[in-house]
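# Please work out how this folds:
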Amino acid sequence: MWLNRLKRNDKIGLFFFIAFVISSSLIWYFEERFNEDQWASNPSQRYKMVDDLIESQILLNLTKTEVKVILGEPYSQSNDDQDVFVYLF
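Numbers count the residues shown, from 1 in each chain. As a prediction, the model looks like this:
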């Protein structure tokens with residue numbers, strides 16, 4: 001078998017590479033994707049979608065009104081020049 005011909009260090013490297021690929025795949029598979037309907041209907045599960053919302057950069061370059069259309073009305077927002085909306089989990 002080809003595995004028997006590998007040196008010890010190569011086997012260790014192969015093991016860690018396979019472990020990395022499997023763990024990365026599982027993390028991606030079980031990560032919750034942002035969904036407007038789930039965001040609106042199930043606020044207690046929003047924390048699962050926040051990472052995808054940030055990483056996908058869906059909200060970049062949108063107006064305040066456009067953000068409110070996607071996420072709904074915030075629980076509160078800043079009164080100063082900063083664009084800060086607060087959504088509860």
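
# how far does stretch 28-44 stretch from start to finish?
When the termini of stretch 28-44 are compared using Cα to Cα, to the nearest Å, they are 21 Å apart.

# List the buried residues of stretch 48-55.
When neighbours are counted by 16 or more other Cβ atoms under 10 Å, the buried residues of stretch 48-55 are found to be 48, 49, 53. Where you see a C-beta, it was placed from the backbone N, CA and C, and this is true even at glycine.

# Residue 21: which element?
helix 8-30 (DSSP states H and E).

# Go ahead and name everything in contact with that helix.
With Cβ atoms under 8 Å, 6 or more residues apart in numbering as the contact definition, helix 8-30 has outside contacts at 3, 6.

# Same check on stretch 51-68?
31, 32, 33, 34, 70, 71, 74, 83, 85.

# Quick check: chain neighbours aside, which residue is closest to the fifth one?
If the residues on either side of it in the chain are set aside, residue 70 comes closest to residue 36, at 6.0 Å by Cβ to Cβ, 6 or more residues apart in numbering.

# sorry, back to before: which is the succeeding secondary structure element to the helix holding residue 21?
Heading C-terminal from helix 8-30, the first helix or strand you meet, by DSSP H and E, is helix 36-41.

# What are the buried residues along that next one?
When neighbours are counted by 16+ other Cβ under 10 Å, the buried residues of helix 36-41 are found to be residue 39.

# Now the element after it, going C-ward?
helix 50-56.

# sorry, back to before: top of the contacts of stretch 51-68 by neighbour count?
Going through the contacts of stretch 51-68 with other Cβ atoms under 10 Å as the criterion, the one with the most neighbours is residue 34, at 20 neighbours.

# any idea how far residue 47 is from that one?
Per Cβ to Cβ, to the nearest Å, residue 34 is found 12 Å from residue 47.

# what's the answer for residue 18, then?
If you measure residue 18 against residue 47 using Cβ to Cβ, the figure is 31 Å.

# in which helix or strand would I find residue 88?
Under the assignment given by DSSP H and E, residue 88 is not contained in any helix or strand.

# residues contacting it?
The contact partners of residue 88, taken as Cβ under 8 Å, 6+ apart, are 43, 46, 75.
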